[in-house]
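>>> What follows is a predicted structure for the sequence shown.
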Amino acid sequence: MERIAQADAFFAMTAANMVHGGSRACYIPSTDNIHMPCIDFFQDAISYYATLAHLTRAFVLRGLGPPLEAGLELFKLERKRLRIVLAPFRDRMLVVPNILGGP
């Protein structure tokens, strides 16, 4: 299976520690390594790079743990406060019909 040079260059810029081989794709936080099977293990190159993108996201976010979690908690708190402030007006809020379809 042919590799995609632009995708390989992109993932190389992440400086992620990648271990190729085996039959399991995973990110191991304790070793800070991304384990990827050989590209031929996948149905097609797109599946390989999609899996690699998912695991690279975990690698990139590993260092953002506490700050990211604190940001999410602050967001939840602000959302809750906004709901409390808007509660008295809930019955008078304009309901916009869904003209685009979907849920």
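Done, it's in. Numbering: from 1, shown residues only.
>>> H35: which element?
Here H35 sits within strand 33-36, counting by DSSP states H and E.
>>> partners of that strand in the sheet?
Strand 33-36 has the following sheet partners, assigned by DSSP bridges: strand 17-20 (parallel), strand 26-28 (antiparallel).
>>> Need the residues that contact the longest one.
Think strand 17-20. Strand 17-20 is contacted from outside by 11, 31-38, 59, using CB atoms under 8 Å, 6 or more residues apart in numbering. Using the backbone N, CA and C atoms, a C-beta is placed for each residue, glycine as well.
>>> got it, and stretch 26-33?
Here stretch 26-33 makes contact (CB under 8 Å, 6+ apart) with 17-19, 34-35, 55, 58-59, 62.
>>> can you do 6 Å?
17, 19, 34-35, 55, 58-59 (CB atoms under 6 Å, 6 or more residues apart in numbering).
>>> hey, where'd the helices end up in this protein?
Listed in chain order, the helices of the chain (DSSP state H) span 5-12, 45-61, 65-86.
>>> quick revisit: now list the buried members of the contacts of strand 17-20.
11, 33-36, 59 (16 or more other CB atoms under 10 Å).
>>> Using a markdown table, lay out those residues together with distance to L77 and pLDDT.
Formatted as a markdown table, those follow (distance: CB to CB, whole Å; pLDDT from 0 to 100):
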| residue | distance to L77 | pLDDT |
| --- | --- | --- |
| F11 | 36 | 86 |
| N33 | 35 | 90 |
| I34 | 33 | 93 |
| H35 | 37 | 95 |
| M36 | 38 | 94 |
| F59 | 29 | 81 |
